[in-house]
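**Student:** what's the 3D shape of this:
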Amino acid sequence: MLPFAALLGLSSAAAQPAPSAQPSASASPARPAPPASASASGAAGTPAKATGTCIERLPEGRARPKLSEEIESRGISGHAQLLKLVIEHGPGETVLPSGFRLEPSSDEYKSLEASHFFLPDPTGDAKPTLQRKSDGARAVTTVKLWFVPLPEKPGRNQLTLPPVPIAVSRASGELVTLCTSPHVINIEDPIANDPHPSPHPNPKPRMQREEWTLAKQVTYVALIAMAVGALLATLIGIWRRRPKQLPPPPPPRPPWEVAIEGLYDLRHSGLLGEQRFAEFYDRVSDILRRYLGDRYGYDGLESTTREALGSLRRVAIPLEVLLKIQEFMQDADLVKFARRTPTEAECSSAMERAELLVNQTRPVIAPPIQDAPNTPGAAP
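**Tutor:** Just a heads-up that it's a prediction; the model follows:
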């Protein structure tokens with residue numbers, strides 16, 4: 001017997017078998033084949049015999065397959081009761097080709113419920129089983145069906161299992177319907193032998209997993225936000241490390257301003273007071289050479305006197321000024337290379353000559369033209 005809590009589903013299909021707990025068993029003898037007069041004289045498939053709400057249909061001129069039934073004569077309320085059927089048929093025939101199934105709207109199903117029998121849950125441990133054996137000429141199919149008795153009143157009850165239809169498909173496609181016999185079963189309460197029954201405790205709780213949609217959405221949004229934030233941080237870092245365009249440098253100072261400023265600083269450097277005449281003279285020469293190189297586009301400090309004069313002859317310099325530059329450079333070469341020590345007067349003269357040459361070679365900037373004032377009586 002299977003417990004009712006695990007088997008009862010009120011479905012239209014039977015459940016899988018389980019071992020019976022009842023000690024006694026009674027085998028119902030096979031019903032004899034109906035007489036020829038019981039079969040319809042019309043076409044094949046006409047009603048042959050009616051048993052309650054189940055109607056047998058047999059082909060004309062065909063004998064009824066041998067059907068043996070076995071069921072326990074005693075049962076327990078709420079526990080599945082096994083009905084075992086053994087059907088002998090032809091090798092080309094198939095028992096229950098579409099499985100055992102009763103539609104809730106059928107008369108057989110209503111008759112079963114009216115007799116207080118119900119079909120177990122087909123997804124549980126009880127479902128109909130078929131076992132076929134064939135020896136060539138004949139075939140034997142064993143069918144096991146389960147029913148759950150649920151009497152209306154407590155205590156001992158006597159219930160009758162109504163006939164149920166068993167379909168057999170022939171090789172020609174013709175369908176044969178067999179009806180089982182009604183069976184009387186004595187049903188006892190599950191606690192009939194317990195003088196002090198107590199209810200069973202509640203089953204242990206089982207873990208139930210459920211999808212937390214909000215947490216999943218929050219996690220997805222957080223991951224997307226982290227990815228977007230990391231991408232933005234990377235792009236901002238790349239943008240900040242980009243090569244920046246430096247502001248344009250200030251325009252270079254005119255070389256004559258640099259030369260006049262250098263001569264002024266040298267005049268007030270105190271080298272003459274310290275009698276460092278050779279150094280003073282050499283620095284005056286360097287300032288003038290740098291100025292001429294920057295003014296006329298050649299390297300004034302690295303060019304020799306001959307190279308410097310050759311470069312100056314290619315530019316528009318007055319001849320008298322070019323001769324003064326030549327004289328100054330030759331005197332400076334005597335001080336620098338001939339180790340001649342100039343006097344203080346010669347140093348002062350070199351300073352004045354250098355200032356004069358700078359002023360004579362600097363470009364002349366014409367003053368802006370001013371409009372003549374309008375005087376009364378002046379011609380327009």
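
**Student:** nearest residue to Ser311 other than its sequence neighbours?
**Tutor:** Nearest non-adjacent residue to Ser311, counting by CB to CB, 6 or more residues apart in numbering: Tyr298, 4.4 Å away. Where C-beta positions appear, they are placed from N, C-alpha and C, glycine not excepted.

**Student:** would you check that that neighbour makes contact with Leu309?
**Tutor:** No - the pair Tyr298 and Leu309 fails to qualify as a contact (CB atoms under 8 Å) at a distance of 10.8 Å.

**Student:** contact partners for Thr341?
**Tutor:** Phe277, Ala278, Val335 (CB atoms under 8 Å, 6 or more residues apart in numbering).

**Student:** how near is the first one to Arg340?
**Tutor:** In this case it means Phe277. From Phe277 across to Arg340, the span is 10 Å (CB to CB, to the nearest Å).

**Student:** which one of the contacts of Thr341 is nearest Glu69?
**Tutor:** Closest approach to Glu69 among the contacts of Thr341 (CB to CB): Ala278, at 144.3 Å.

**Student:** which residues touch Gln326?
**Tutor:** By CB under 8 Å, 6+ apart, the contact list for Gln326 reads Thr305, Leu309.

**Student:** and the pLDDT at it?
**Tutor:** Gln326 carries a pLDDT score of 90 in this model.

**Student:** cool, and Ser172?
**Tutor:** Value for Ser172, per-residue pLDDT: 83.

**Student:** what do you get for the one 5 residues further on?
**Tutor:** The per-residue pLDDT reported for Thr177 equals 90.

**Student:** so it bridges to which residues?
**Tutor:** For Thr177, the beta-bridge partners are Arg57, Ala167 (DSSP bridges).

**Student:** please, which helix or strand holds Lys144?
**Tutor:** Lys144 is located in strand 139-149, with elements delineated by DSSP states H and E.

**Student:** what angle separates the helix or strand that that strand is followed by from strand 139-149?
**Tutor:** Next helix or strand after strand 139-149 toward the C-terminus (DSSP H and E): strand 157-161. If you take axes from the mean of the first three to the mean of the last three CA atoms, to 10 degrees, strand 157-161 sits at 140 degrees to strand 139-149.

**Student:** more neighbours: which of Phe277 and Arg340?
**Tutor:** Applying other CB atoms under 10 Å to Phe277 and Arg340 shows that Phe277 carries more neighbours, namely 20 against 13.

**Student:** tell me if I'm right that that one and Cys347 touch.
**Tutor:** Yes - using CB under 8 Å, Phe277 is in contact with Cys347, at 5.2 Å.

**Student:** circling back: isn't there a strand covering the residue nearest to Ser311?
**Tutor:** No - when DSSP: H, G, I helix; E, B strand; the rest coil is applied, Tyr298 is found to be coil, with no strand at that position.

**Student:** that one: neighbouring residues, count only.
**Tutor:** So Tyr298, with other CB under 10 Å, has 17 neighbours.

**Student:** contacting residues for it?
**Tutor:** Contact analysis of Tyr298 by CB under 8 Å, 6+ apart lists Glu307, Ala308, Ser311.

**Student:** center of this structure - which residue?
**Tutor:** Closest residue to the average C-alpha location of the chain: Tyr220 at 8.5 Å, with CA atoms, centre = their mean.

**Student:** low-confidence ranges in this protein?
**Tutor:** 1-52, 366-380 (pLDDT under 70).

**Student:** now do the strands in it.
**Tutor:** Secondary structure of the chain (DSSP state E): strands located at 26-28, 47-51, 54-57, 66-71, 74-76, 81-89, 94-95, 117-118, 129-134, 139-149, 157-161, 165-169, 175-179, 183-188.

**Student:** and the longest helix belonging to the chain, what does it pack onto?
**Tutor:** Using DSSP state H, we find that the single longest helix of the chain is helix 213-240. Judged by 3 or more CB pairs under 8 Å, 6 or more residues apart in numbering; DSSP states H and E, helix 213-240 is in contact with no other helix or strand.

**Student:** list the buried residues for it?
**Tutor:** By neighbour count on 16 or more other CB atoms under 10 Å, the buried set for helix 213-240 is empty.

**Student:** quick one: distance of it to the chain centre.
**Tutor:** 14 Å (CA atoms, centre = their mean, to the nearest Å).

**Student:** and what of stretch 271-288?
**Tutor:** For stretch 271-288 - counting by CA atoms, centre = their mean - the centre lies 82 Å from the chain centre.

**Student:** dump it to CSV, restricted to CA.
**Tutor:** Output of stretch 271-288 as CSV, limited to C-alpha atoms (Å, rounded to 0.1, in the frame of the first residue of the first chain):
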residue,chain,number,x,y,z
LEU,A,271,86.5,95.5,-13.7
LEU,A,272,88.3,98.8,-14.5
GLY,A,273,88.5,99.7,-10.8
GLU,A,274,90.1,96.3,-10.2
GLN,A,275,92.5,96.9,-13.1
ARG,A,276,91.3,93.8,-15.0
PHE,A,277,91.8,95.5,-18.3
ALA,A,278,92.4,92.5,-20.5
GLU,A,279,89.2,90.9,-19.3
PHE,A,280,87.2,94.1,-19.7
TYR,A,281,88.5,94.6,-23.3
ASP,A,282,87.7,91.0,-24.2
ARG,A,283,84.2,91.2,-22.9
VAL,A,284,83.6,94.4,-24.9
SER,A,285,84.8,92.6,-28.0
ASP,A,286,82.5,89.6,-27.3
ILE,A,287,79.5,91.9,-26.9
LEU,A,288,80.1,93.7,-30.2
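
**Student:** what sits against the nearest residue to Pro149 once chain neighbours are set aside?
**Tutor:** Distance criterion CB to CB, 6+ apart; nearest residue to Pro149, sequence neighbours excluded, is Ile187 at 4.9 Å. By CB under 8 Å, 6+ apart, the residues touching Ile187 are Arg74, Gly75, Ile76, Ser77, Pro149, Pro151, Arg156, Asn157, Gln158, Leu159.

**Student:** ok, now how distant is the last one from Asp125?
**Tutor:** Between Leu159 and Asp125 the computed distance is 23 Å (CB to CB).
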